[in-house]
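Participant: Sequence first, then the predicted structure:
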Amino acid sequence: MNIQVIASINEARSDDLQHKTVIVIDVLRATSTILTALAGGCRTLVPVETVSQAKSLQGPGTLLGGERSCKKIPGFDFGNSPLEYTPEAVSGKTLIMTTTNGTRAIHKARKADHVLIGAFLNAGACARKAASLDQEIVLVCSGAQDVFSLEDGLCAGLLVRELLRLSGCDPDTPAAAQSVGDFGLAMLHAYRQVQDCLPETLVSCAGGRRLTKLGFRHDVTYCSQIDVLSLAPVVRAGKLEPEHASALL
């Protein structure tokens, strides 16, 4: 199994993702929020790049969600806090979402054969789905402002570990290092170093500090949970649907 980890949107090139399976990661908070909304019964979620695109798609029974600079967009129904997307709020609804980084990364991956949504919340399910597609796998860390974010890299490290195990490869062998490359290997080792104190690590990283300052510390703690959601949604025709989503919270 060949696995590549890309550090940020800025380093990803759409043409290089063709004929591959891409997992988009934006732990704080877009992919965590997308997963939570789908697990809560959202019927369809449409990720878009711009605010104007989101507004143009709004119609009866459609909700708008998203942020710019971590803050809710004026006139939108929701921001980007996963805790807003309760079953009572989103069940049976169509949701149009735009975020600063995560939905951009999803669109940048559009030439891939398969685009999956990954986070700590669904790491195991996401890895199993990606492995079942039997292609080269690229993990795209969304980052923030086109630069690397630690939380996305740590999630990539967890996904690398799970993918290697699913392929029958011991993560500690030279074969594993050859399969994932230097950056992927670095993220695997970084995750191992902090796996027992993950919530504290996410609170202390730049993204976690920013959200905590804005009053969203509970979001950071929520997003640090591992394998509490059993869904692995795939983008199809620009949309995401639950696909047997279930919450274990």
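Facilitator: Everything's here; your move.
Participant: can you tell me which residues contact residue 81?
Facilitator: By Cβ atoms under 8 Å, 6 or more residues apart in numbering, residue 81 lies in contact with 29, 33, 216, 219. (C-beta placed from N, C-alpha, C; glycine too.)
Participant: looking just at contacts, which helices and strands does the one helix or strand residue 219 maps to meet?
Facilitator: Assigned by DSSP states H and E, residue 219 belongs to helix 217-223. Under the contact criterion of 3 or more Cβ pairs under 8 Å, 6 or more residues apart in numbering; DSSP states H and E, helix 217-223 touches helix 198-204, helix 206-213.
Participant: what helices or strands is the lengthiest strand in the chain leaning on?
Facilitator: With secondary structure taken from DSSP state E, the chain has its longest strand at strand 62-68. Packed against strand 62-68 by the contact rule (3+ Cβ pairs under 8 Å, 6+ apart) you find helix 51-56, strand 94-98.
Participant: Could I have the CA atoms of stretch 56-67 written out in PDB?
Facilitator: These are the backbone C-alpha positions of stretch 56-67, laid out as PDB (Å, rounded to 0.1, in the frame of the first residue of the first chain):
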ATOM      1  CA  SER A  56     -26.800  30.800  -4.400                       C
ATOM      2  CA  LEU A  57     -27.700  27.200  -3.500                       C
ATOM      3  CA  GLN A  58     -30.000  28.200  -0.600                       C
ATOM      4  CA  GLY A  59     -33.600  27.100  -0.900                       C
ATOM      5  CA  PRO A  60     -36.600  25.800   1.100                       C
ATOM      6  CA  GLY A  61     -35.400  23.300   3.700                       C
ATOM      7  CA  THR A  62     -31.800  24.200   3.100                       C
ATOM      8  CA  LEU A  63     -29.500  25.400   5.900                       C
ATOM      9  CA  LEU A  64     -26.300  27.300   5.500                       C
ATOM     10  CA  GLY A  65     -23.200  26.600   7.700                       C
ATOM     11  CA  GLY A  66     -19.700  27.800   7.800                       C
ATOM     12  CA  GLU A  67     -17.100  30.300   8.900                       C
END
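Participant: Name the residues that touch it?
Facilitator: Residues contacting stretch 56-67 (Cβ under 8 Å, 6+ apart): 33, 37, 46, 48, 51, 54-55, 72-73, 75-80, 84-85, 89-90, 93-100, 103.
Participant: how about the strands in this protein?
Facilitator: Using DSSP E, strands in the chain cover 3-6, 21-25, 44-47, 62-68, 71-72, 94-98, 114-118, 137-141.
Participant: Outside of whichever helix in the chain runs longest itself, list whatever touches it.
Facilitator: Ranked by residue count under DSSP state H, the longest helix found in the chain is helix 174-194. With contact meaning Cβ under 8 Å, 6+ apart, helix 174-194 is reached by 1-5, 7, 139, 150, 153-158, 160-161, 164, 167, 169-171, 201.
Participant: swap the cut-off to 7 Å and go again
Facilitator: 1-5, 7, 153-154, 156-158, 160-161, 164, 169-171, 201 (Cβ atoms under 7 Å, 6 or more residues apart in numbering).
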